[in-house]
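Peer 1: what's the 3D shape of this:
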Amino acid sequence: MRLLDKKDRRIPDGVTIADLPTPATGNKLYFDDDVKGFACRVTAAGARSFVLDYRVGQRQRRYTIGSHPDWTVAAAREEAKGLKKKIDRGEDPMGERHEVRAAPNVADLIDRFKTDYLPAKRESTQRDYTAHLDKLVRPTLGKTKVADVTHSDIDGLHRDISKGAPYRANRVAAVLSKMFTLAIRWGWRSDNPVKGLEKNQEDRRNRYLTGEELAHLSTALQEHRDQKSANAVRLLLLTGARRMEVLAATWAMFDLETGVWIKPSAHTKQAKEHRVPLSAPARKLLSDMKEAAEAKAKKDKSQVSLYVFAGRSKDDPHLTDIKRTWDSLTERATVLLWATKPETPAGKIVKRLTVEQDGKTTLPAFADVAKSAAAEDVTLPAGLMDCRVHDLRHSYASILASAGLSLPVIGALLGHTQPATTARYAHLLDDPLRAATERVGAIVEAAAGRGKTADVVEIHGRK
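Peer 2: As a prediction, the model looks like this:
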């Protein structure tokens, strides 16, 4: 029979699609006389669609062109003719469609990236990359075929993240670039859609704690209710280590007798073993913590945790985040700082909200000060609120530089592999260098009879 649309009823031997009988169950094919293999499939529910039956080698294929009336008979017949030309050339339209359907999407790429690539990375890297991919990439691009991802898709995602977190947007782009580089290696696509992305400008932070800020942070640490997390902050400040190097540290890494912290390659950013000498305060802190952990284990009849900063559950063998503790510490230290400056707008608010009772002085909470400042339209200075946990590492380095230690020594203590990484602290060497050259100048002048060495005034380092 010749399949026709209703408007073609004028042809005597034609049968319109609407006239095709509906089967009692399943579906039935009505083949066209003009194009071999072209047919209309009618289901028991009355749905009608056009298909093309063909053979590739010994395999019978059925390709669905589209449904009626979205496709007219004429359009479907022309599509069938085009498909048959491809088949005559040895192509397999249905096989191509299966390949497209089976092609991996971005969610598949993320899963393989996490399985094949991430396990070799540091624990902190695994955690950060997983968060970026699962929270930001998967919801947006997860269903998109890897081969279909465009530069515009990447650029759009980067711009969306940049609206609230420009630095994080750059980190996500870096992860995506690595992931698509691997996709090329795995044969999932031929190019990297991240290439050429214009990233956000990042200004290198130079935030260091002053001597005054360190004093107030120390007070806040003493007062803090969670001394385990407080000790983590103390160790960060005393060693200049990275956050996860401290939080994931095990007791086996420390030789408290010789005062050395041996960081294995798996725990360091440079992927090399890093031996760090421990100061007396750092050794005492660790010794006190270990003694307390052993006493608690003996009391509870349990084993001492492998980790210095043991987690609070079986799912978390060690601490992984101290953000809440850090926020609490910086808020408290900031209020303490403002309290020492009663002549300032912030200090006046703190003084007014301070409670004196039974000879005890109770400073207000940061939130109360902020609320009063907002009500009075007072702009509060940053205090320590603009300081991040990582700035403890910068502060450690700044103290070393201000004490006159050389950049190679500072780099060795921080575990830097590139001198350029340590060079950011070069300007902090100005004070000890100036003091040294002033001393030489005074000695030369004294030798010439124009001065006295006793008159040399040392310029103290940065507070």
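Peer 1: helices and strands of this protein: which one has the lowest mean pLDDT?
Peer 2: Using mean pLDDT, DSSP states H and E, helix 93-102 stands out as the lowest-scoring helix or strand of the chain, at a mean of 68.
Peer 1: can you tell me the centre-most residue of the chain?
Peer 2: With distances taken as C-alpha atoms, centre = their mean, Asp128 lies nearest the centre of the chain, 3.9 Å away.
Peer 1: grab the nearest non-local neighbour of that one.
Peer 2: The shortest distance from Asp128 to any non-neighbouring residue, by C-beta to C-beta, 6 or more residues apart in numbering, is to Arg171 (7.4 Å). In short, each C-beta sits where N, CA and C put it, glycine included.
Peer 1: pretty sure the one you found is in a strand, no?
Peer 2: No: membership of Arg171 in a strand is not supported by DSSP: H, G, I helix; E, B strand; the rest coil, which gives helix.
Peer 1: looks like it contacts Leu133 (just checking).
Peer 2: No: with contact defined as C-beta atoms under 8 Å, Arg171 does not count as touching Leu133 (11.0 Å).
Peer 1: between those two, who's got more neighbours?
Peer 2: Leu133 (24 against 17; other C-beta atoms under 10 Å).
Peer 1: mind checking how far the more buried one is from Gly46?
Peer 2: 45 Å (C-beta to C-beta, to the nearest Å).
Peer 1: now Pro419
Peer 2: Taking C-beta to C-beta, one finds Pro419 at 77 Å from Gly46.
Peer 1: and if you look at Pro317?
Peer 2: Taking C-beta to C-beta, one finds Pro317 at 61 Å from Gly46.
Peer 1: tell me which of those two has more neighbours.
Peer 2: Pro317 (15 against 9).
Peer 1: list the buried residues of the helix or strand hosting Arg234.
Peer 2: In the assignment (DSSP states H and E), Arg234 maps to helix 227-239. Under the neighbour-count criterion of 16 or more other C-beta atoms under 10 Å, helix 227-239 has 228-239 buried.
Peer 1: what sits up against the following helix or strand past it?
Peer 2: Downstream of helix 227-239, the next assigned helix or strand under DSSP H and E is helix 243-247. Helix 243-247 has contacts (C-beta atoms under 8 Å, 6 or more residues apart in numbering) with 122-124, 232, 235-236, 239, 263, 267-268, 308-309, 318-320, 322, 389-390.
Peer 1: for ChimeraX, write the select line for the buried members of these.
Peer 2: Buried residues within the contacts of helix 243-247, by 16+ other C-beta under 10 Å, are selected in ChimeraX with:
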select :122,124,232,235,236,239,263,267,268,308,309,318,319,322,389
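Peer 1: among the contacts of helix 243-247, which ones are in helices?
Peer 2: Secondary structure from DSSP state H places 123-124, 232, 235-236, 239 of the contacts of helix 243-247 in helices.
Peer 1: JSON lines for the residues you listed, including pLDDT?
Peer 2: Shown next, in JSON lines, are the ones in helices among the contacts of helix 243-247 (pLDDT from 0 to 100):
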{"residue": "Glu123", "pLDDT": "77"}
{"residue": "Ser124", "pLDDT": "75"}
{"residue": "Ala232", "pLDDT": "96"}
{"residue": "Leu235", "pLDDT": "95"}
{"residue": "Leu236", "pLDDT": "94"}
{"residue": "Thr239", "pLDDT": "92"}
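Peer 1: just curious, which of these is nearest to Glu213?
Peer 2: Using C-beta to C-beta, Leu236 comes nearest to Glu213 of the ones in helices among the contacts of helix 243-247, at 14.9 Å.
Peer 1: surely the closest one touches Asp391?
Peer 2: No: using C-beta under 8 Å, Leu236 is not in contact with Asp391, being 10.0 Å away.
Peer 1: name the residues contacting each of the two.
Peer 2: In contact with both Leu236 and Asp391: no residue, using C-beta under 8 Å, 6+ apart.
Peer 1: could you give me the average pLDDT of stretch 37-56?
Peer 2: Averaged across stretch 37-56, pLDDT comes to 91.
Peer 1: what of stretch 157-170?
Peer 2: 93.
Peer 1: name the residues that touch it?
Peer 2: For stretch 157-170, using C-beta under 8 Å, 6+ apart, the contacting residues are 132, 136-137, 140-141, 172-173, 197, 199-200, 202.
Peer 1: next, the buried residues of it.
Peer 2: In stretch 157-170, counting by 16+ other C-beta under 10 Å, buried: 157-158, 161-162, 168-170.
Peer 1: quick one: which of those is nearest to Gly404?
Peer 2: Looking across those and measuring by C-beta to C-beta, the closest to Gly404 is Asn170, at 35.6 Å.
Peer 1: distance check, the closest one against Leu197.
Peer 2: Counting by C-beta to C-beta - Asn170 and Leu197 are separated by 9 Å.
Peer 1: same check, this time on Pro21
Peer 2: Counting by C-beta to C-beta - Pro21 and Leu197 are separated by 58 Å.
Peer 1: more neighbours, those two?
Peer 2: For Pro21 versus Leu197, neighbours defined as other C-beta under 10 Å are more numerous around Leu197 (18 against 9).
Peer 1: now do the same contact list for the more buried one.
Peer 2: Counted by C-beta under 8 Å, 6+ apart, Leu197 has contacts 151, 154-155, 158, 173, 177.
Peer 1: just the buried members of these?
Peer 2: Looks like the contacts of Leu197 have 154-155, 158, 173, 177 buried, using 16+ other C-beta under 10 Å.
Peer 1: quick check: the two most widely separated of those?
Peer 2: Asp155 and Ser177 (12.7 Å).
Peer 1: per-domain residue ranges of this structure.
Peer 2: 2-102, 106-185, 211-318, 325-375, 391-455 (automatic domain parsing).
Peer 1: could I get those domains as CSV with distance to Pro193?
Peer 2: Output for the domains of the chain, formatted as CSV (distance: least, C-beta to C-beta, whole Å):
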stretch, distance to Pro193
domain 2-102, 18
domain 106-185, 5
domain 211-318, 28
domain 325-375, 37
domain 391-455, 30
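Peer 1: between those domains, which one is closest to Asn192.
Peer 2: domain 106-185 (4.5 Å).
Peer 1: CA atoms only: put the helix or strand hosting Ala295 into PDB for me.
Peer 2: In the assignment (DSSP H and E), Ala295 maps to helix 280-300. Extracted C-alpha coordinates of helix 280-300, given in PDB (Å, rounded to 0.1, in the frame of the first residue of the first chain):
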ATOM      1  CA  ALA A 280      60.300  23.800  72.200                       C
ATOM      2  CA  PRO A 281      56.700  25.200  72.500                       C
ATOM      3  CA  ALA A 282      55.500  22.900  69.600                       C
ATOM      4  CA  ARG A 283      57.200  19.900  71.300                       C
ATOM      5  CA  LYS A 284      55.600  20.800  74.600                       C
ATOM      6  CA  LEU A 285      52.200  21.200  73.000                       C
ATOM      7  CA  LEU A 286      52.400  17.800  71.300                       C
ATOM      8  CA  SER A 287      53.800  16.100  74.400                       C
ATOM      9  CA  ASP A 288      51.000  17.500  76.600                       C
ATOM     10  CA  MET A 289      48.400  16.400  74.000                       C
ATOM     11  CA  LYS A 290      49.800  12.900  73.800                       C
ATOM     12  CA  GLU A 291      50.000  12.500  77.500                       C
ATOM     13  CA  ALA A 292      46.300  13.600  77.800                       C
ATOM     14  CA  ALA A 293      45.300  11.200  75.000                       C
ATOM     15  CA  GLU A 294      47.100   8.300  76.700                       C
ATOM     16  CA  ALA A 295      45.500   9.100  80.100                       C
ATOM     17  CA  LYS A 296      42.000   9.300  78.500                       C
ATOM     18  CA  ALA A 297      42.600   6.000  76.600                       C
ATOM     19  CA  LYS A 298      43.700   4.300  79.900                       C
ATOM     20  CA  LYS A 299      40.600   5.600  81.700                       C
ATOM     21  CA  ASP A 300      38.300   4.500  78.900                       C
END
